[in-house]
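Asks: kindly return the folded structure for what I paste below:
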Amino acid sequence: MNISESISKYSLELDEVQLIAVSKTKPISAIMEAYDAGQRHFGENKVQELATKYKELPKDIQWHMIGTVQTNKLKYIASFVHMIHGVDRKKVLVELNKQAIKNNRTIQCLLQVHIAQEDTKFGLNELELRELIGELEQFPHAKVVGLMGIATNTKDSNVVHREFAYLKNLFDELGTTLNWHTLSMGMSGDYKIALENGSTHVRIGSAIFGARKV
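Replies: Numbering: from 1, shown residues only. All right, here's what the predicted structure looks like:
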């Protein structure tokens with residue numbers, strides 16, 4: 001199945017759930033093939049690569065920063081990025097709000113929650129999440145619109161179900177009064193479980209573009 005066919009497949013399967021085509025390390029030609037198939041939301045995890053691709057590709061693309069955010073590099077994407085998925089500390093909100101003001105924008109972002117059993121995954125624990133939510137009014141131009149989480153890399157679907165269900169429960173509890181609308185969870189290997197647990201945005205890369213370079 002080529003890129004165009006993959007985009008068509010997921011667009012039909014996901015229905016109203018937003019597909020983010022994870023294009024990190026992929027060439028412009030591959031992204032354009034997905035674009036020509038109708039895809040408009042793309043995800044990158046490195047600021048420099050994202051900024052370069054923004055300059056070279058159509059301006060109606062909605063770019064999602066899905067990797068760990070380095071605050072000193074936010075200035076390079078603040079003028080155009082559609083959404084920041086990986087806000088895992090207050091420092092990121094402080095800088096994102098600052099850069100959004102400089103660019104006369106309000107930038108949507110998600111708070112990343114640590115739901116996996118692996119220490120290599122980033123994110124806020126529940127206590128940190130609740131504390132940070134109490135401070136969101138300080139950052140009106142860094143608009144938190146939901147949560148993001150990455151499940152444990154395991155073949156045990158029960159573990160992944162529990163982790164996604166936990167995040168969905170937090171989303172439902174906390175987001176009701178905050179008018180949240182985005183729950184970003186699920187990748188190529190576990191997106192079906194994420195859908196079962198109420199994901200609104202799935203991040204799929206290798207299943208569309210093939211195995212990525214390290």
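
Asks: where do the helices of the protein begin and end?
Replies: For the chain, the helices defined by DSSP state H cover 3-14, 28-36, 47-56, 90-102, 126-133, 157-175, 191-196, 206-209.

Asks: those helices: which one's closest to V22?
Replies: helix 206-209 (7.7 Å; C-beta to C-beta). In short, each C-beta sits where N, CA and C put it, glycine included.

Asks: by contact count, what packs against that closest one?
Replies: helix 3-14, strand 18-22, helix 28-36 (3 or more C-beta pairs under 8 Å, 6 or more residues apart in numbering; DSSP states H and E).

Asks: turn these into JSON lines, columns for mean pLDDT and distance to Q99.
Replies: As requested, the helices and strands packed on helix 206-209 are exported to JSON lines (pLDDT from 0 to 100; distance: least, C-beta to C-beta, whole Å):
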{"stretch": "helix 3-14", "mean pLDDT": "94", "distance to Q99": "31"}
{"stretch": "strand 18-22", "mean pLDDT": "97", "distance to Q99": "22"}
{"stretch": "helix 28-36", "mean pLDDT": "97", "distance to Q99": "25"}
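
Asks: tell me the most buried of the ones you listed?
Replies: strand 18-22 (a mean of 24; mean count of other C-beta atoms under 10 Å).

Asks: partners of that strand in the sheet?
Replies: strand 41-44 (parallel), strand 201-204 (parallel) (DSSP bridges).

Asks: figure out which of these is closest to S184.
Replies: Of all those, strand 201-204 comes closest under C-beta to C-beta, at 4.2 Å.

Asks: would you mind pulling the contact partners of that closest one?
Replies: Here strand 201-204 makes contact (C-beta atoms under 8 Å, 6 or more residues apart in numbering) with 10, 14, 17-22, 43, 64, 66, 85, 182-188, 191, 194-195.

Asks: which residues touch the nearest residue to F42 once chain neighbours are set aside?
Replies: Distances taken as C-beta to C-beta, 6 or more residues apart in numbering put S23 closest to F42, at 4.7 Å, once the chain neighbours are dropped. Shown in contact with S23 (C-beta under 8 Å, 6+ apart): A30, I31, A34, F42, G43, E44, K53, G205, F209.

Asks: need the residues you listed in CSV with distance to R105, can you?
Replies: Formatted as CSV, the contacts of S23 follow (distance: C-beta to C-beta, whole Å):
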residue, distance to R105
A30, 29
I31, 24
A34, 26
F42, 19
G43, 19
E44, 18
K53, 19
G205, 27
F209, 29
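
Asks: closest one of these to Y166?
Replies: For those, the nearest to Y166 is G43 (22.9 Å; C-beta to C-beta).

Asks: quick one, phi/psi of T176?
Replies: Main-chain dihedrals, T176, degrees, to the nearest 10: phi -60, psi -50.
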